[in-house]
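# With the input below, show me the fold.
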Amino acid sequence: MKRPPGKEMLARSRRLRREMTPQEEILWRHLRGRRFEGFKFRRQMWLAGYVADFACTEARLVMEADGSQHINAADYDEERGAAFTRLGWRTLRFWNNEIVEDLEGVLIAIGAALPSPSRPASPGGPLPLPSRERGR
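Model prediction:
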């Protein structure tokens, strides 16, 4: 496991919160303040030695908004996902263009991954990565 956050990583998390991408801002408008099904989400959260774009600690669910830079970062993304999984977290990944073009579908996918009285949270394990073609 990676080291706990120091001043440098905390400063990085804060900077990422201030400088969100337009797609992250769109998603955050729907997730913040328990607006989404009553769950509390955090943004740019330190987890397993990485900074997760969005995380719901209650559901142990991470959401990543991936831009085109992730097309060539599959190994890094898999490493991050594996680190989250080892701690019992699941990861949802969405391409930035999915957030803009199909926000409703993205929100439905997030809702389906959250526990409900009739659907408890599933044990850890990554959810499928988005197709690399969609990010182009």
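
# When you work out contacts or count neighbours from here on, use the C-alpha atoms and nothing else.
OK.

# Pretty sure Gly105 sits in a strand.
No: the assignment for Gly105 (DSSP: H, G, I helix; E, B strand; the rest coil) gives helix, which keeps it out of a strand.

# Now for it, how many residues are close by?
Neighbour count for Gly105, taken as other Cα atoms under 10 Å: 12.

# again, but for Pro115
15.

# Surely it and Leu61 touch.
No: in this structure, Pro115 is not within contact of Leu61 by Cα atoms under 8 Å, at 10.0 Å.

# Low-confidence ranges, the chain, go.
Along the chain, segments meeting pLDDT under 70 span 1-5, 9, 68-73, 117-136.

# Show me the residue sitting in the middle of the chain in space.
Centroid check for the chain by Cα atoms, centre = their mean gives Met63 as the closest residue, at 1.7 Å.

# For Lys7, see how far away that one is.
24 Å (Cα to Cα, to the nearest Å).

# just the helices in this protein please.
Under the criterion DSSP state H, the chain carries helices at the ranges 7-18, 22-31, 74-86, 96-101, 103-113.

# Next, the buried residues of the third one.
Within helix 74-86, the residues that qualify as buried are Asp77, Arg80, Gly81, Ala82, Ala83, Phe84, Thr85, counting by 16 or more other Cα atoms under 10 Å.

# Ignoring the adjacent residues along the chain, who's closest to Ile110?
Nearest-residue entry for Ile110: Leu92, 7.6 Å, with adjacent residues in sequence omitted and distances by Cα to Cα, 6 or more residues apart in numbering.

# Compute the number of surrounding residues for that neighbour.
Under the criterion other Cα under 10 Å, the count of neighbours that Leu92 has is 21.

# for it, which residues make a bridge with it?
For Leu92, the beta-bridge partners are Met63 (DSSP bridges).
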